[in-house]
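J.: got a sequence here, can you model it:
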Amino acid sequence: QLQLVESGGGLVQPGGSLRLSCAASGFTLDYYAIGWFRQAPGKEREGVSCISSSGGFTNYADSVKGRFTISRDNAKNTVYLQMNSLKPEDTAVYYCNTVPVRNRYWGQGTQVTVSS
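T.: Model prediction:
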């Protein structure tokens, strides 16, 4: 079964940190650019960050620039999103997918809640 599984979310206070993981099963991530996306309640899903297949190119939404860092470990078939200085507006379900997006790879996501 080809799937991407997100993990690492949780409840954190403003200013805190979390590291999300996106693990692939059934296929290798080596050949794919990967993106992180998020969807807050009542809002559309938005792109947060993406990384090229080699890891040599990364991009970030303005809202997370300087706070989030995307990385990948192709040997572990995993992409990470390090989130620092979290704000309440970062609260959302976070998803990963290939870039361009392939609908069959949308998973359950991982909930991130930033609250005091």
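J.: regarding the residue nearest to residue 107 when sequence neighbours are not counted, what is its secondary structure?
T.: In this structure, residue 107 finds its nearest non-sequential neighbour in residue 4, 5.2 Å apart by CB to CB, 6 or more residues apart in numbering. Just so you know, the C-beta spots here come from the backbone N, C-alpha and C atoms, and that holds for glycine as well. Look at residue 4: counting by DSSP: H, G, I helix; E, B strand; the rest coil, its state is strand.
J.: partners of residue 4 in the sheet?
T.: In this entry, residue 4 is beta-bridged to residue 24, by DSSP bridges.
J.: you'd agree it is up against residue 23?
T.: Yes: counting by CB atoms under 8 Å, residue 4 does reach residue 23; the two are 7.2 Å apart.
J.: neighbour-wise, which of the two wins?
T.: residue 4 (26 against 17; other CB atoms under 10 Å).
J.: so how far is residue 116 from the most centrally placed residue in the chain?
T.: Residue closest to the mean C-alpha point of the chain, counted by CA atoms, centre = their mean, is residue 36 at 3.3 Å. The gap separating residue 36 from residue 116 is 24 Å, by CB to CB, to the nearest Å.
J.: same deal with residue 39?
T.: For residue 39, the distance to residue 116 - CB to CB - is 22 Å.
J.: of the two, which one has the most company?
T.: residue 39 (14 against 8).
J.: ok, now which ones touch residue 40?
T.: The neighbourhood of residue 40, defined by CB atoms under 8 Å, 6 or more residues apart in numbering, consists of 89, 91, 92.
J.: quick check, pLDDT for it.
T.: For residue 40, the model assigns a pLDDT of 97.
J.: over to residue 112?
T.: Predicted confidence (pLDDT) for residue 112: 98.
J.: over to residue 69?
T.: At residue 69, pLDDT is 98.
J.: which residues in this structure form strands?
T.: Using DSSP state E, the strands of the chain run over residues 3-7, 10-12, 18-25, 33-39, 46-51, 58-60, 68-73, 78-83, 92-99, 110-114.
J.: quick check: angle from the last one to strand 78-83?
T.: Using axes from the mean of the first three to the mean of the last three CA atoms, to 10 degrees, the interaxial angle of strand 110-114 with respect to strand 78-83 works out to 10 degrees.
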